[in-house]
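Chemist: Test case, fold it:
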Amino acid sequence: EIGRVVTGKTPPTSDVSFYGGLYPFITPTDIKDDSSYCVTDRYLSEEGRSLQKSILLPKNTVCYTCIASIGKICLTQKESFTNQQINSVIVDEKKAHYKFIFYLLKYLTPQIKKMAGGTITGIINKGQFESFLFEVPNSIEEQKEIAGVLSSLDDKIELLREENKTLEATAQAIFKEW
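Modeler: Here you go, the predicted structure:
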């Protein structure tokens, strides 16, 4: 009800004309736990875009892995595509705020994982994902405020991680100098 769910698809890798362009092609390995956005290793070309135009994801789409490593989540920074392991939510901005849905799905991941079928590799199919029920505040402004607080905390955590990396590098340099 809060948006349209799109399942990704991998273009045939045997046809190199589909790859190497401007459109990020997101896979689960591109999604890191410590970032809202991801950096992709692969991109699709205009030919790849044309082949998959019906599953093009706009900026600020919520991408959620639903096969194997269930619950890895990110947002698109620009028009993108995903592989078939990812269900994405193109949030209807009149019904919900994309960052609120991002944080809500992150929070609800333990419950979503319980839906996974399959014996060895957990799978949540598109139908199951679409039918997962949760509540959202009616006010988009309230959703934005909640997402804003959580986003600012994430930004602070990221800043502290970067500071920690810098301190570690400095300590290593001092140690080597000694």
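
Chemist: Can you tell me the closest non-neighbouring residue to residue 26?
Modeler: Closest residue to residue 26 apart from its sequence neighbours, by CB to CB, 6 or more residues apart in numbering: residue 82 at 4.5 Å. Placement of C-beta: from N, CA and C, glycine included.

Chemist: What residues does the one you found make contact with?
Modeler: Going by CB atoms under 8 Å, 6 or more residues apart in numbering, residue 82 touches 8, 25, 26, 27, 57, 63, 88.

Chemist: Which residues are in contact with the closest residue to residue 77 other than its chain neighbours?
Modeler: Sequence neighbours aside, residue 37 is the residue nearest to residue 77 in space, at 5.2 Å (criterion: CB to CB, 6+ apart). Contacts for residue 37 (CB under 8 Å, 6+ apart) come out as 74, 75, 76, 77.

Chemist: can you rerun that using 7 Å?
Modeler: 74, 75, 77 (CB atoms under 7 Å, 6 or more residues apart in numbering).

Chemist: Likewise for residue 4?
Modeler: The contact partners of residue 4, by CB under 7 Å, 6+ apart, come to residue 90.

Chemist: So it lies in a strand, does it not?
Modeler: Yes: looking at residue 4 with DSSP: H, G, I helix; E, B strand; the rest coil, it is inside a strand.

Chemist: what's next to the host helix or strand of residue 130, contact-wise?
Modeler: For residue 130, the element it lies in under DSSP states H and E is helix 126-131. Identification of contacts with helix 126-131 by CB under 7 Å, 6+ apart yields 5, 7, 66, 87, 115.

Chemist: Mind checking the pLDDT average for the helix or strand just after that helix?
Modeler: Going down the chain from helix 126-131, the next helix or strand is helix 140-177, by DSSP H and E. Mean pLDDT, taken over the full extent of helix 140-177, equals 91.
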